[in-house]
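# give the three-dimensional model of this entry:
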Amino acid sequence: MSANQIKIRRKESSESNRSRFRSVAIFAVLILLGAIATFALASFSVNFGFYSAPLEILADGNRQIIRVPAGGNLQEAVNRAKSGDVIEVQAGAAYNEIILPNKPLTDFITIQSSAISKLPENSRVTPKQLNLLAKIITRGGGKPAVSAENGAHHYRLRGIEFVPATADYIYNLVLFGANETKVADVPHDLEIDRCYFHPSKSGVVRRGLALNSANTTVKNSYFEGFAFPQEETQGICGWTGTKNVKILNNYIEGGAENVMFGGAPPAGAELIPMDIEVSGNHFNKPAEWKNKVALKCLFELKNAKRVQIVGNYFENAWDGSAFRLTVRSEDGKAPFNTIEDVLVKDNVIDGAGEGINILGKDDYYEGRKDGAAGQTLKRLTITNNLFLNIGTEQLGGSGYFVQIADGEEILIANNTSFNEGNIATFHAALPKKLVIRDNIIGHGEYGVHGFNDLKSPAAQRIFQNNVFINNKNLSQNYSSFPPGNYLMSLQSIGFVNNALNDFRLNPNSKLKGKAQNGRDIGSNLSFDFVSKVK
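Reported below is the predicted structural model:
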């Protein structure tokens, strides 16, 4: 081989090596750029939807388990799911807002955290368990984190945190129905269990859950922070189509109202909220809200039928009443609105400006002949409740036990109330078939106020066998209530233990067994009940 041939081969070998090096380098750079791009797309998928991690679908008997990884498309999983399927979302991961579609389901589709087994059943979730929850966010624009199509049904949400990702104004964090005009269009068979609702730190959310659905259960959940200046806010509110609803064992905060039914006109009487159970919940307005946000009451009905409010703990309603039961026809747009067949029983109320505000007919339209005032409240029973710290100096308010106008068939019996204001304040029309009996109530300065003749047979039919606590040290000559009722000092009543808030009657009390049917006068609730609900 000649010297020239050797030189040529060396030159070709050198160029070949350089070419291979360039190819390897370019390939490595492409891999690196691809990895960077994939990471960037995954990182921004929540906000922009550029990238969606694939779903993992596992067979489990007759159902599927659809696992949605972080960065996955939850809406795709919901759209693909069938009756009985479980959609597993990852604890600690965030997913974009979803719409629950109306499709032919016969069993629940369950959307749940991957850590749901670490959240005990029938136990209320708390913010301390945030790491066990998956997150469904709303990216703003007024959209809810979860909404339901007309007629959507058979969906269950478990172990989910609902929260805005922006500072935008959000009307409803979760929206189950809103403006349906027909019963057939109302979402139904829905369940929320062990979920956490709260606003963002900088935005405004008007309510946690718009509960305009049928056959719906909300349980073991936590509603926090729904209060803002100049905003009528609620933790939960339903105004149309709400039917056969259970609100069980939740912690609920709300500014104007923690929970309300009514407040906007339904399309027809068949969409009036009805068949509602509210039991075992803790209603609260945190102390730091005082003088900073719009506040009204703890629980309000403006339009509802067949409601049971039983075994709850209510606390902290400054200046406003604990309960407002006020028929409103919504500017005359809903003359069929009513409040009927309501039971308020076995509740502890600790701290409110007033006790119970009852308006049996819309006073704004009173006297009009076109029916704009709506219907008349009927069949209301308030029994065996314990009211503490009503109208104290720290809370404000007028401190009445009950303020009442109009209505029919109202029974207020066997309650114990430590109120600083009036026993009862009457205004407008006198209710028909009103009975207030066997209660222990603070007398206040003025006793029964607004009743024309307290010695009349009508007054004596209303007030029967009540004991009024002489909390203002009045003489009998200055007390104000009908005959057949009694003014007693706190010490002479004979409670089990005043210092421990045990206001049941002790065995030696002269009031023991003196109520109707041999019951004790006043409530038989122990304050120990609160520890079971709080």
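
# tell me the phi and psi of Tyr478?
Tyr478 adopts backbone torsions of phi -100, psi 0, taken as degrees, to the nearest 10.

# just the pLDDT at it, thanks.
At Tyr478, the model reports a pLDDT of 88.

# and for the one 10 residues further on?
Here the pLDDT value assigned to Met488 is 97.

# how much space is there between it and His443?
Taking Cβ to Cβ, to the nearest Å as the measure, Met488 falls 10 Å from His443. C-beta here means a position set from N, CA and C on the backbone, and glycine is covered the same way.

# list residues touching both of these two?
Residues touching both Met488 and His443 (Cβ atoms under 8 Å, 6 or more residues apart in numbering): 468-470.

# low-confidence stretches in the stretch 301-450 of the chain?
The model of the stretch 301-450 of the chain has pLDDT under 70 over residues 364-373.

# 80 instead, please
363-374 (pLDDT under 80).

# would you map the strands across it?
304-310, 313-326, 339-345, 348-359, 378-383, 386-390, 402-405, 408-413, 416-419, 424-426, 432-437, 440-442, 448-449 (DSSP state E, counting those that start in this stretch).

# ok, Gly351 touching Leu395?
Yes. Gly351 is within contact range of Leu395, at 5.7 Å (criterion: Cβ atoms under 8 Å).

# overlap in contacts of those two?
Common contacts of Gly351 and Leu395 (Cβ under 8 Å, 6+ apart): 317, 389.

# need the residue closest to the centroid of this protein.
What sits nearest the mean C-alpha location of the chain, by Cα atoms, centre = their mean, is Ile236, with 3.4 Å.

# state the distance from that one to Ala167.
23 Å.

# scan the shared contacts of Met488 and His443 and report the most crowded one.
Phe468 (25 neighbours; other Cβ atoms under 10 Å).

# what's the pLDDT at that residue?
Confidence at Phe468, expressed as pLDDT, is 98.

# that's a helix at it, yeah?
No. Counting by DSSP: H, G, I helix; E, B strand; the rest coil, one finds Phe468 to be strand, located in no helix.

# what is the neighbour count of the closest residue to it other than its chain neighbours?
Nearest residue to Phe468, sequence neighbours excluded (Cβ to Cβ, 6 or more residues apart in numbering): His443, at 4.2 Å. Per other Cβ under 10 Å, the neighbour tally for His443 reads 27.

# do I have it right that His443 meets Ile423?
Yes. With contact defined as Cβ under 8 Å, His443 reaches Ile423; the gap is 6.1 Å.

# hang on, the earlier thing: most packed of the strands of the stretch 301-450 of the chain?
Compared across the strands of the stretch 301-450 of the chain, strand 440-442 shows the largest average neighbour count, a mean of 28 (mean count of other Cβ atoms under 10 Å).

# so which elements touch it?
Strand 440-442 sits against strand 416-419, strand 467-469, with contacts defined as 3 or more Cβ pairs under 8 Å, 6 or more residues apart in numbering; DSSP states H and E.

# where does the closest residue in space to Glu224 that isn't next to it in sequence land on pLDDT?
Nearest non-adjacent residue to Glu224, counting by Cβ to Cβ, 6+ apart: His198, 4.5 Å away. You'll see His198 listed with a pLDDT of 98.

# now Leu105: closest residue in space, sequence neighbours ignored.
His154 (4.0 Å).

# for the helix or strand hosting the one you found, output the C-alpha coordinates as CSV.
If you go by DSSP states H and E, His154 is part of strand 153-158. These are the backbone C-alpha positions of strand 153-158, laid out as CSV (Å, rounded to 0.1, in the frame of the first residue of the first chain):
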residue,chain,number,x,y,z
HIS,A,153,-77.4,11.1,38.3
HIS,A,154,-75.6,8.4,40.2
TYR,A,155,-72.3,10.1,41.0
ARG,A,156,-70.4,9.8,44.3
LEU,A,157,-67.5,12.0,45.4
ARG,A,158,-65.3,10.8,48.2
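
# give me the buried positions along stretch 220-236.
Neighbour counts over stretch 220-236 (16 or more other Cβ atoms under 10 Å) mark 220-228, 231-236 as buried.
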